[in-house]
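Undergrad: Task: produce atomic coordinates for the following.
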Amino acid sequence: MRARDRRCRFPGCRRRIPTGGELEHLRRWPDGPTAAADLAGFCTTDHRGKHQAPGWTHTLGPDGTLTVTTPTGLTAVTDPPPY
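TA: Coordinates of the predicted model:
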């Protein structure tokens, strides 16, 4: 997972993912697995924001594409960087 993401996956952010953490379940545990298919890397700021911004949705596709949707319906998509 860390090899896939390397940098924060929040749209527009380029910060590195901290070495010690900040991997986020897109579906809350235990509803979703602790696996690369349900984890995305965020910087500390965007990881906290994900939990403190009500109404935002984060969806991770099988290819690692992350779609973030705001409460007003705006969407932004980020792809993992190439290997």
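Undergrad: which residue is nearest the middle of this structure?
TA: Nearest residue to the geometric centre of the chain (Cα atoms, centre = their mean): Ala40, 3.9 Å.
Undergrad: Any idea what that residue is bridged to?
TA: Taking DSSP bridges, one finds Glu24 as the beta-bridge partners of Ala40.
Undergrad: Distance of it relative to Arg14?
TA: 15 Å (Cβ to Cβ, to the nearest Å). To be clear about C-beta, it is placed using only N, CA and C from the backbone, and glycine gets the same treatment.
Undergrad: Check this protein for its longest helix and report it.
TA: Criterion DSSP state H: the longest helix present in the chain is helix 44-52.
Undergrad: Give me the sheet partners of the next helix-or-strand element following that one and which way each runs.
TA: Of the helices and strands lying after helix 44-52 in sequence (DSSP states H and E), the nearest is strand 57-60. Strand partners for strand 57-60, identified by DSSP bridges, are recorded as strand 66-69 (antiparallel).
Undergrad: Can you give the contact residues for the partner strand?
TA: Around strand 66-69, the neighbours that count as contacts under Cβ atoms under 8 Å, 6 or more residues apart in numbering are 9-11, 40, 56-61, 75-79.
Undergrad: What's the ChimeraX line that selects buried ones from the residues you listed?
TA: Buried members of those can be picked out in ChimeraX with the line below, counting by 16 or more other Cβ atoms under 10 Å:
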select :9,10,40,58,60,78
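Undergrad: Max pairwise distance over the contacts of strand 66-69: which two?
TA: Comparing every pair within the contacts of strand 66-69 by Cβ to Cβ identifies Trp56 and Asp79 as the most remote, at 19.1 Å.
Undergrad: Hmm, Asp38 and Arg27 touching each other?
TA: Yes. The pair formed by Arg27 and Asp38 meets the contact definition of Cβ atoms under 8 Å, at 5.6 Å.
Undergrad: Tell me which of these two has more neighbours.
TA: For Arg27 versus Asp38, neighbours defined as other Cβ atoms under 10 Å are more numerous around Asp38 (18 against 14).
Undergrad: A helix includes Thr19, no?
TA: No. Going by DSSP: H, G, I helix; E, B strand; the rest coil, the assignment for Thr19 is coil, not a helix.
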